[in-house]
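J.: test case, fold it:
(one chain, ligands or ions: 1)
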Amino acid sequence: RLSEETIKIVKSTVPVLAEHGEAITKCFYQRMFADQPELKNIFNQTNQKAGRQPKALANAVYAAAQHIDDLSVIMPTVIQISEKHRSLNVKPEHYPLVGEYLLLAIKEVLGDAATDDIIEAWGEAYGVIADAFIAVEQQKYHEAFAQKGGWNGYREFRIVKKVKESDVITSFYLEPVDGGELADYKPGQYITIKAEVPGEDHTHLRQYSLSDSPGKGYYRISVKREDEYGGNPAGIVSSFLHNQIETGDIVSISAPAGDFYLNTESENPVVLLSGGVGLTPLMSMLKTSTTKQTGRDIHFIDAARNGSVHAFKEDMSQVSADHPFVKTHTIYESPSEQDRGYDKKGYIDLEWLQEHVPQHADFYYCGPEGFMKAVHHSLKEWGIPEERRNYEFFGPEGSLD
Ligand code: HEM
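T.: Numbers count the residues shown, from 1 in each chain. Sure, this is the predicted structure:
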């Protein structure tokens, strides 16, 4: 337990951290990777370059520090982050390392303002926060392992099929090399792939949603090739998968994870809204809903740039032809001359939603930032309560407000 004094120091320095939080975490990562290069095998170096991950961690640390005397307040966040950590195989022994460099960075950025008392208090507080994460993660490792077909860490899978879904999206079908059972998953969940890309000096971990329904005897991921664009380099892992991984090749993945999944207990209609490759978790939800006839009406709103990058077009028309309770709508941002059969040109907005989908539905959305903001604000404006708005970000948790 932390002393009253420690709690007081930590709480009173939260505003200082908030001011310097990002500088501290940036400095922390720089020093940590310089001294402990093996951690580059775990952290997404592209997110590091874009500065997204430092921000996510900084926010989590402020939140924890603010509630250091009652961490139960932030337990939902801890549980959410731990789900990602478990999928990335973050281990208890990593915490002291991260703690050491975080403290060093606080010292360096705050300079003279970081007295010994402050550093000591933060050291203790970090220990308490780390223990909370470790405890939740141990439970999650246990559950991942204990379930039928489950495992811990990484397991080898063979690519048994590679299917092009659009100009930019390709699906990979994976089966375990050991021939053992496959862990079940909830529609919307993801796996982490550990990619050993030739020419790279460290492994790259990436999350991909499972895009088919569970219970098929394989996992399927559908990956968008991230080409070089507007000064951003091509995606290392997506290019590797598209250009170098073929049927018969082996990749390592961790067991399915994630808290963005279809609530199958609810009886409300379901509205699935996807932007670009954000459709992958929603495809899984759609396919699962149609295999398990639940009597719920399903609306699938699929936004893409145009027909050439629009994946699963035929699949989708087939699903709605086979199942009268499924309605699909296509929105093209800038349709080309050849594009036919889309329902709207431009962007999704509240007026269009109100015309086409029921208000008392459960909403699930996933897509790029602009799309997410448009959907999020429209639904809030429409008065859809938080518990019926479910969403997932690409990459580190961002803000929609
Ligand atoms: C992701 C917080 C410790 C490795 C994250 C995220 C947060 C976070 C907020 C973003 C979650 C998301 O994307 O949804 C924390 C806090 C920690 C901690 C508060 C300490 C108390 C660790 C440790 C490791 C680690 C010890 C392992 C060395 C990662 C990795 C990611 C991540 C690899 C994925 C993001 C990326 O690679 O860019 N963490 N974390 N974290 N964390 Fe932690």
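J.: which residues of this structure fall in strands?
T.: 155-164, 169-176, 190-195, 204-209, 219-224, 250-253, 270-275, 298-304, 326-332, 344-345, 362-366, 389-392 (DSSP state E).
J.: strand partners (parallel or antiparallel) of the second one?
T.: This points to strand 169-176. Strand pairing for strand 169-176, using DSSP bridges, gives strand 155-164 (antiparallel), strand 219-224 (antiparallel).
J.: which one of the strands of the chain has the most crowded surroundings?
T.: The highest mean neighbour count among the strands of the chain, using mean count of other Cβ atoms under 10 Å, belongs to strand 270-275: a mean of 27. Yep, even glycine has a C-beta here, placed from its N, CA and C like the rest.
J.: average pLDDT for it, rounded please.
T.: Average pLDDT, strand 270-275: 95.
J.: picking that back up, the ligand: which of the strands of the chain is closest?
T.: Ranking the strands of the chain by proximity to the ligand (Cβ to the nearest ligand atom) places strand 204-209 first, at 6.7 Å.
J.: same question for the closest one, mean pLDDT?
T.: 95.
J.: that strand near the ligand at all?
T.: No: Strand 204-209 does not reach the ligand (Cβ under 6 Å from any ligand atom); its nearest approach is 6.7 Å.
J.: for that strand, name the packing helices and strands.
T.: When contacts are defined as 3 or more Cβ pairs under 8 Å, 6 or more residues apart in numbering; DSSP states H and E, strand 204-209 packs onto strand 190-195, strand 219-224, helix 236-244, helix 279-291.
J.: for I7, see how far away the closest residue to V10 other than its chain neighbours is.
T.: Distance criterion Cβ to Cβ, 6 or more residues apart in numbering; nearest residue to V10, sequence neighbours excluded, is A125 at 4.6 Å. Using Cβ to Cβ, to the nearest Å, A125 is found at 8 Å from I7.
J.: list residues touching both of these two?
T.: Shared contacts of A125 and I7, defined by Cβ atoms under 8 Å, 6 or more residues apart in numbering, comprise I68.
J.: more neighbours, those two?
T.: A direct count of neighbours by other Cβ atoms under 10 Å for A125 and I7 places A125 higher, at 23 against 19.
J.: which residues touch the more buried one?
T.: Counted by Cβ under 8 Å, 6+ apart, A125 has contacts 2, 6, 10, 64-65, 68.
J.: and if you look at I245?
T.: Neighbours of I245 in contact, by Cβ under 8 Å, 6+ apart: 159, 162, 172, 251.
J.: how about G295?
T.: 267, 325.
J.: from the chain's centroid, how far away is stretch 298-307?
T.: Stretch 298-307 sits 20 Å away from the centroid of its parent chain (Cα atoms, centre = their mean, to the nearest Å).
J.: likewise stretch 358-375?
T.: Relative to its chain's centre, stretch 358-375 lies at 16 Å (Cα atoms, centre = their mean).
J.: and the closest residue to P37 other than its chain neighbours, how many neighbours?
T.: Counting by Cβ to Cβ, 6+ apart, H202 is the residue found nearest to P37 once chain neighbours are left out, at 7.4 Å. A total of 16 residues lie near H202 under the criterion other Cβ under 10 Å.
J.: for H202, which residues are in contact?
T.: Applying Cβ under 8 Å, 6+ apart, the residues contacting H202 are 37-38, 40-41, 45.
J.: do you know how far it is from D259?
T.: Following Cβ to Cβ, the distance that separates H202 from D259 is 28 Å.
J.: ok, back up a step: format the strands paired with strand 169-176 as a markdown table; extra columns: distance to the ligand.
T.: Below are these laid out as a markdown table (distance: least, Cβ to the nearest ligand atom, whole Å):
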| stretch | distance to the ligand |
| --- | --- |
| strand 155-164 | 19 |
| strand 219-224 | 17 |
